[in-house]
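Peer 1: Give me the fold of what follows.
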Amino acid sequence: MLSLKSFSSPFSKLIIVYLFWLSSWIFAGSLFEVYFFGLGLSIQEIVGTSFFWSIGSLLLAPFFKKIQSKRFMLLGIAIAFLAVASLYFIKTKEIAFAYRLLLSLTHFFFWIPFNITFYEFRKENNATLAALYYSAGPLLMFVLPGLSGVIAANLGYESLYGLAMLSYVITFILAFKFFKNKDYSYSFSESIRSLSGLKTLIFLEGLSPRIIVSVLLETMLLKYATMPADFGMFTSLTTLSSIIAALIIARISDVKKRRREFIIASAVALGLAAIFTGFTSGITQFFIGFSIINFIKTIFFPLPLALVVDNSKSLVNSMLGREILLNFGAIISSFIAFVLLSYFDISFVLILNGIVLLLYPLAFELKKRKLAKI
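Peer 2: Below is the predicted model of the structure:
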């Protein structure tokens with residue numbers, strides 16, 4: 001049970017900042033595809049922007065030796081604010097690439113220290129707060145994209161991006177007030193070596209499932225919805241399945257004991273769902289496929305991350321290495337998708353990524369002997 005005391009703990013304050021960060025992120029980015037499609041970017045170019053979305057960690061990590069948790073997270077929030085400010089003030093299609101490049105820097109400055117801090121707290125804190133963390137994404141994604149679409153349709157994108165900027169300011173203030181700085185030293189080379197048995201799995205996670213759920217589905221939606229209200233409402237409604245999945249997982253007590261079975265089954269199911277969605281030919285079928293993918297991704301994505309945490313000897317090196325390998329896989333996948341879209345429809349690219357994802361269980365079985373905990 002949550003109590004007032006629960007919300008005064010450092011862990012609860014971290015969750016509060018996360019909720020504001022996520023809300024800001026959704027307001028700023030949930031209509032990215034439809035906004036820039038309206039400004040003249042093609043589907044191929046929109047997919048191409050995802051290359052810049054993934055490059056930040058690879059550019060920054062080799063040049064630092066220490067992560068300063070509070071300072072880095074504040075810098076990450078400030079960079080995200082600048083990214084959405086660029087959308088507010090510069091209304092050209094070319095700004096899409098700069099926007100996603102700026103956001104890629106937050107993978108290093110915000111997400112790495114956040115994940116380190118979260119999993120340090122998670123070991124000894126309220127399980128209900130942890131459940132709130134994992135369910136927050138689906139709940140906010142169920143409400144905010146639809147709301148964003150209504151705001152953009154009735155008040156304009158400037159109002160939406162102004163709201164996102166305000167939300168980031170609140171996030172910054174809360175992070176400044178709540179967090180204490182903590183320094184973590186790391187080695188770039190050791191961060192990669194520390195992921196023995198996991199490197200291929202993390203790379204594949206970035207190569208296929210991440211690009212499916214973060215890029216291809218949202219972009220493929222442009223075939224059916226090109227107005228902000230329609231786009232946002234469609235995205236919100238398909239997230240209902242994610243909420244159902246989160247509730248189911250919360251009631252299954254032996255996920256950790258049966259992690260291998262859950263990882264293999266959810267990876268296969270996610271790959272097959274992507275293939276099915278790629279073959280859909282109408283909005284109803286696409287809605288079903290989109291919803292199924294949202295359901296399965298809610299089950300799948302926490303599991304590989306939990307593997308990293310459980311097999312980690314240094315949480316700092318492991319989180320850094322994970323971010324680098326995830327983004328390296330996403331960069332390669334984005335480039336391949338961009339090239340393929342010169343010759344094929346986005347449906348083909350989604351199907352191909354679904355087929356690639358079916359290799360994940362095979363890679364897991366080959367690598368599991370190197371893992372201390374599965």
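
Peer 1: When you work out contacts or count neighbours from here on, use the C-alpha atoms and nothing else.
Peer 2: OK.

Peer 1: What are the contacting residues of the lowest-mean-pLDDT helix or strand in the chain?
Peer 2: Lowest on mean pLDDT, DSSP states H and E among the helices and strands of the chain sits helix 240-251, with a mean of 80. The contact list for helix 240-251 (CA atoms under 8 Å, 6 or more residues apart in numbering) reads 131, 134-135, 138-139, 142, 255, 291-292, 294-299.

Peer 1: Looking at these, point me to the pair that's furthest apart.
Peer 2: Greatest spatial distance in the contacts of helix 240-251: Phe142 and Val255, 24.7 Å, computed using CA to CA.

Peer 1: So which of those two has more stuff around it?
Peer 2: When neighbours are counted by other CA atoms under 10 Å, Phe142 and Val255 differ, and Phe142 comes out ahead with 23 against 16.

Peer 1: check contacts around the more buried one.
Peer 2: Thr235, Ser236, Leu237, Thr238, Thr239, Leu240.

Peer 1: Could you report the separation of it from Lys368?
Peer 2: 35 Å (CA to CA, to the nearest Å).

Peer 1: What of Glu158?
Peer 2: Distance of Glu158 to Lys368, computed by CA to CA: 49 Å.

Peer 1: And Gly156, by the same measure?
Peer 2: Relative to Lys368, Gly156 is positioned 51 Å away (CA to CA).

Peer 1: Point to the residue nearest the middle of this structure.
Peer 2: Centroid check for the chain by CA atoms, centre = their mean gives Ser214 as the closest residue, at 6.7 Å.

Peer 1: Tell me, what's the model's pLDDT at that one?
Peer 2: pLDDT, Ser214: 93.

Peer 1: Same check on Ala372?
Peer 2: 62.

Peer 1: Could you do Tyr134 as well?
Peer 2: 69.

Peer 1: now do Ala306
Peer 2: At Ala306, pLDDT is 83.

Peer 1: Can you spell out which helices and strands pack onto the host helix or strand of it?
Peer 2: Assessed by DSSP states H and E, Ala306 sits inside helix 302-310. Contact here means 3 or more CA pairs under 8 Å, 6 or more residues apart in numbering; DSSP states H and E; on that basis helix 302-310 packs against helix 259-279, helix 315-340.

Peer 1: The ones you listed: which one's closest to Thr200?
Peer 2: Of those, nearest to Thr200 by CA to CA is helix 315-340, at 8.6 Å.

Peer 1: Just want the angle from the closest one to helix 302-310.
Peer 2: Counting by axes from the mean of the first three to the mean of the last three CA atoms, to 10 degrees, helix 315-340 lies at 140 degrees to helix 302-310.

Peer 1: Just the CA trace of the helix or strand following helix 315-340, in PDB.
Peer 2: Counting by DSSP H and E, the element after helix 315-340 in chain order, helix or strand, is helix 346-357. C-alpha atoms of helix 346-357 as PDB (Å, rounded to 0.1, in the frame of the first residue of the first chain):
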ATOM      1  CA  ILE A 346       7.100   0.500 -45.100                       C
ATOM      2  CA  SER A 347       5.000  -2.600 -44.700                       C
ATOM      3  CA  PHE A 348       7.800  -4.700 -46.100                       C
ATOM      4  CA  VAL A 349      10.300  -3.100 -43.800                       C
ATOM      5  CA  LEU A 350       8.000  -3.900 -40.800                       C
ATOM      6  CA  ILE A 351       7.700  -7.500 -42.000                       C
ATOM      7  CA  LEU A 352      11.400  -7.800 -42.400                       C
ATOM      8  CA  ASN A 353      12.100  -6.500 -38.900                       C
ATOM      9  CA  GLY A 354       9.500  -9.000 -37.500                       C
ATOM     10  CA  ILE A 355      11.400 -11.800 -39.200                       C
ATOM     11  CA  VAL A 356      14.700 -10.600 -37.700                       C
ATOM     12  CA  LEU A 357      13.100 -10.500 -34.300                       C
END
